[in-house]
Every structure is written in structure tokens, then in C-alpha cells.
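Asker: give me a 3D structure for the following:
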Amino acid sequence: RYSLIPDRKGTLGVIVSTACKDIYWADNVGNLLLIPALDTLNLWNMRTGAVLGTMRPENIHAEVTSVALSENEEIIAAGYFDGSVRLWNRKSFALQVTFEGHKASVTSIAFNKDSTILATGSLDTDIIIWDVVGETGKFRLRGHRDGVTCLSFFSSEHCQDGLITGSKDG
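Answerer: Numbers count the residues shown, from 1 in each chain. The predicted structure is shown next:
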């Protein structure tokens, strides 16, 4: 595995997952950065260059492929190469729940506005809607003919948790 180079001042030595396009500022002032690094999520303090916390599932070495931060910044959702989804507590770095449901890599992940619903898209072409509070799957949506590449919740005067999805099928 990779390790940090302790004698290099001014560098973080971060190995970022090539399979994951997501990084998140985990606070409102730009000090905390959430970065996937292979099978681990690291929360970095960018002012000090220190890792504040590490989130890594035990006995699982699947690479992180997608990340989302809840609107209230309390929950981190991570999708993995093996199709699993894990919810982590941002403050304690503890694993809260693991969702199993996809048959291929999770490529996109999003919370609704009040962070009670999570949507995940995968290379298996499915979208799964998860109940964050009840810690269970609610719906499996099928219709794409190729891997799901993006998804996002939206609200309007006619629709409260609408979901827009995109795929390699066009």
C-alpha cells in the first residue's frame, strides 16, 4: 500500500482514487477537505496539512468510487467498487450502516435536501433509492441501458424530491 512521506514539508502526500471523481469541502470556510484514497476516505485539515480522521471498512478492500456529503454535513455516503454503499458519521468517523444492492461499481450518489433519502447509481444500470433514517432500500429504478453516470435531486413547486439521472446510454 501507499504511505505518507513524513519528511516532506508542505506536501500532503495524498493518493487520490482514480476511480472517484468526487472531493468535498467538508466545512463552510474551506478548511476541511474530504478525499477518497483507494479504499479509504480521509478528512484533511488543509490549513495544517493533518489528517483529522480516516474512514476505512474493516476487512474490505474495495476502492471508493463515489462520495456525497449530506446537506447538514453530518453524514458521508461512499459508494464502492464492489457495489456497496456505506454511511459514515462525519464527526466520529464511525461506520453507521452498509447498504448492499448494486451488482457493479457505484458511480454516482446524492442526498435529498433534508438528507433522509439517498440515491445511488451504478454500472449495473440500476438506481437504488435508500431510506437513510430507516436504513433500508426503498426502490430499485431500472430503465437505463448503460451505466449510470450522474444523478441529482431537485425540488420545484410541483415536485419535492425529484431525481434527474444521466447514463452512458445517452
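Asker: return the set of residues that bridge with the spatially closest residue to residue 99 that is not a sequence neighbour.
Answerer: Closest residue to residue 99 apart from its sequence neighbours, by Cβ to Cβ, 6 or more residues apart in numbering: residue 85 at 4.2 Å. C-beta here means a position set from N, CA and C on the backbone, and glycine is covered the same way. Bridge pairing for residue 85 (DSSP bridges) gives the partners residue 79, residue 99.
Asker: residue 85 contacts residue 96, correct?
Answerer: No: using Cβ atoms under 8 Å as the test, residue 85 is too far from residue 96 to be in contact (11.2 Å).
Asker: more neighbours, the two?
Answerer: The residue with more neighbours, out of residue 85 and residue 96, is residue 85; 24 against 15, by other Cβ atoms under 10 Å.
Asker: residue 55 and residue 35, how far apart?
Answerer: Residue 55 sits 11 Å away from residue 35 when distances are taken as Cβ to Cβ, to the nearest Å.
Asker: joint contacts of these two?
Answerer: 41-42 (Cβ atoms under 8 Å, 6 or more residues apart in numbering).
Asker: the residue positioned nearest the centre of the chain: which element?
Answerer: Central residue of the chain (Cα atoms, centre = their mean): residue 67, 1.9 Å from the mean position. Taking DSSP states H and E as the definition, residue 67 sits inside strand 64-69.
Asker: quick one: average confidence on that strand?
Answerer: Averaging pLDDT along strand 64-69 yields 94.
Asker: what's the spacing between it and its chain's center?
Answerer: The chain centre lies 2 Å from the centre of strand 64-69; the measure is Cα atoms, centre = their mean, to the nearest Å.
Asker: who does that strand pair up with?
Answerer: strand 75-80 (antiparallel).
Asker: okay, and for the chain, where does confidence drop off?
Answerer: For the chain, the stretches with pLDDT under 70 are 1-17.
Asker: distance-wise, check residue 87 relative to residue 22.
Answerer: Taking Cβ to Cβ, one finds residue 87 at 15 Å from residue 22.
Asker: what's the first-to-last distance across stretch 103-114?
Answerer: Start-to-end span of stretch 103-114 (Cα to Cα, to the nearest Å) is 28 Å.
Asker: which residues touch it?
Answerer: So stretch 103-114 is contacted by 19, 65-71, 75, 77-85, 117-124, 126, 132, 147-153, 155, 161 (Cβ under 8 Å, 6+ apart).
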